[in-house]
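>>> need a structure here:
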Amino acid sequence: MSETIAFLFPGQGAQYVGMGESFLAYEESAKRIDQASEILGFDMRALLFEENDRLNKTEYTQPAMVTVMAAMLARIETLGIRPDVCAGLSLGEYAAMLACGVMSFEDLIPAIRKRGILMENAAPGIGGMSAVLGAAPDTVRAVCGEVSARGGAVAPANYNCPGQIVISGEKAALQEAGELLAKAGAKRVIPLNVSGPFHSPLLKRAGEELKDYLGSKTLHAPSIPYLANLTADYVTETSDIRDILGRQVYSPVLWQQTMERMIQDGVTTFVEIGPGRTLAGFLRKIDRSRKVINIEKAEDLALLAEIGERRTVC
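Numbers count the residues shown, from 1 in each chain. Model prediction:
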């Protein structure tokens, strides 16, 4: 089997102070971080590398995460490693679009800041998210439907991997759904430390406003295939991207299905680019036979250099 490489980019929740700092040793990576400061009008280095309360606030988390992933990608590109396909979980989808040439960094970063602000302010204080472990998808959907039919607002938000689905909605509805899922056999229901009911219908207005905002941004046809969270399918029409990104804000993230599609299409090596190893953990539960490489610190780049050598030989 020939080597087929996918670049994966994680979503919000993987952030930490100091992420990406080792990449400052590379001029192209440092330039991306400083460019984000110029575009956004605040000190990105201070946000990323100094203890602060802002990094976990959605409107700052999102541009910070994408800036770090873009800085890592800038260095990776100098190694001559190009993926065959890309995908990103929720926020990470924007880094995937950057890798695939859909948006320029200059347009991407303000769009991410806008997305973060819209999501932060969409349903302040009224909702949240919980991870459901060990329940079948049909059971999760049925319970959410039952609670919603009684006037609550809760829905599946992330299909991460077998045995892990995240639900999102109003606090009371989340609690009721969690209790019912526990009775239905879920191993655990864990409230998540997030600021809102992301990827639920409660954020529909935010998604529609984001779609309108993206109307002012230039989008290009992907130079490398990438899969959308919304459909777990390849994006082929540039005209569809704004709608896809708008709906992504208030629709479930089909991450497990996205990974299964990549595996079906022959991807052999997955490269997770960004802080943490969340996506690698999901992939191990989907298909342990696939190779996963994590690029989180500068020293991890040596693993990609080996891929470059193999591709050159082939």
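>>> okay, CA-based contacts and neighbour counts for the rest of this
Noted.
>>> ok, residues contacting stretch 27-44?
Around stretch 27-44, the neighbours that count as contacts under C-alpha atoms under 8 Å, 6 or more residues apart in numbering are 23-24, 45, 64, 67-68, 70-75, 106, 109-110.
>>> hmm, I was thinking of stretch 97-115
Here stretch 97-115 has contacts from 36, 39-40, 59-60, 62-63, 66-67, 70, 73, 86, 94, 206, 210, 213-214, 217-226, using C-alpha under 8 Å, 6+ apart.
>>> so which of those residues belong to strands?
Of the positions in the contacts of stretch 97-115, Cys86 sit in strands, assigned by DSSP state E.
>>> looking at the contacts of stretch 97-115, which are in helices?
Among those, DSSP state H puts 36, 39-40, 59-60, 62-63, 66-67, 70, 73, 94, 206, 210, 213-214 in helices.
>>> of these, buried ones?
Among those, those classed as buried by 16 or more other C-alpha atoms under 10 Å are 36, 59-60, 62-63, 66-67, 70, 73, 94, 206, 210, 214.
>>> list just the nearest of those to Val249.
Proximity to Val249 was ranked across these by C-alpha to C-alpha; first place goes to Ala206, at 7.3 Å.
>>> can you give me the strands in the chain?
Assigned by DSSP E, the chain shows strands spanning 5-9, 85-88, 127-133, 154-161, 164-170, 188-191, 269-273, 291-295.
>>> need these in a markdown table (columns: distance to Trp255).
Formatted as a markdown table, those follow (distance: least, C-alpha to C-alpha, whole Å):
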| stretch | distance to Trp255 |
| --- | --- |
| strand 5-9 | 11 |
| strand 85-88 | 9 |
| strand 127-133 | 14 |
| strand 154-161 | 5 |
| strand 164-170 | 10 |
| strand 188-191 | 19 |
| strand 269-273 | 14 |
| strand 291-295 | 16 |
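>>> for these, give me TSV that also has mean pLDDT.
Below are the strands of the chain laid out as TSV (pLDDT from 0 to 100):
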stretch	mean pLDDT
strand 5-9	98
strand 85-88	98
strand 127-133	96
strand 154-161	98
strand 164-170	98
strand 188-191	96
strand 269-273	97
strand 291-295	96
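>>> which of the ones you listed sits closest to Ile241?
strand 85-88 (13.8 Å).
>>> the closest one packs against which elements?
When contacts are defined as 3 or more C-alpha pairs under 8 Å, 6 or more residues apart in numbering; DSSP states H and E, strand 85-88 sits against strand 5-9, helix 92-99.
>>> how big is the angle separating the last one from strand 269-273?
On the basis of axes from the mean of the first three to the mean of the last three C-alpha atoms, to 10 degrees, helix 92-99 is oriented at 100 degrees to strand 269-273.
>>> can you check the first one too?
Orientation check (the same axes, to 10 degrees): strand 5-9 against strand 269-273 gives 30 degrees.
>>> give me the sheet partners of strand 5-9 and which way each runs.
Note on strand 5-9: by DSSP bridges, its sheet partners are strand 85-88 (parallel), strand 269-273 (parallel).
>>> and Thr139, what does it touch?
Counting by C-alpha under 8 Å, 6+ apart, Thr139 has contacts 181, 184.
>>> circling back to that earlier point, the strands of the chain into a markdown table, with extra columns for mean neighbour count and distance to Leu55?
Converted to a markdown table, the strands of the chain look like this (neighbours: other C-alpha atoms under 10 Å; distance: least, C-alpha to C-alpha, whole Å):
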| stretch | mean neighbour count | distance to Leu55 |
| --- | --- | --- |
| strand 5-9 | 25 | 18 |
| strand 85-88 | 26 | 20 |
| strand 127-133 | 24 | 19 |
| strand 154-161 | 26 | 23 |
| strand 164-170 | 26 | 22 |
| strand 188-191 | 18 | 20 |
| strand 269-273 | 23 | 19 |
| strand 291-295 | 20 | 21 |
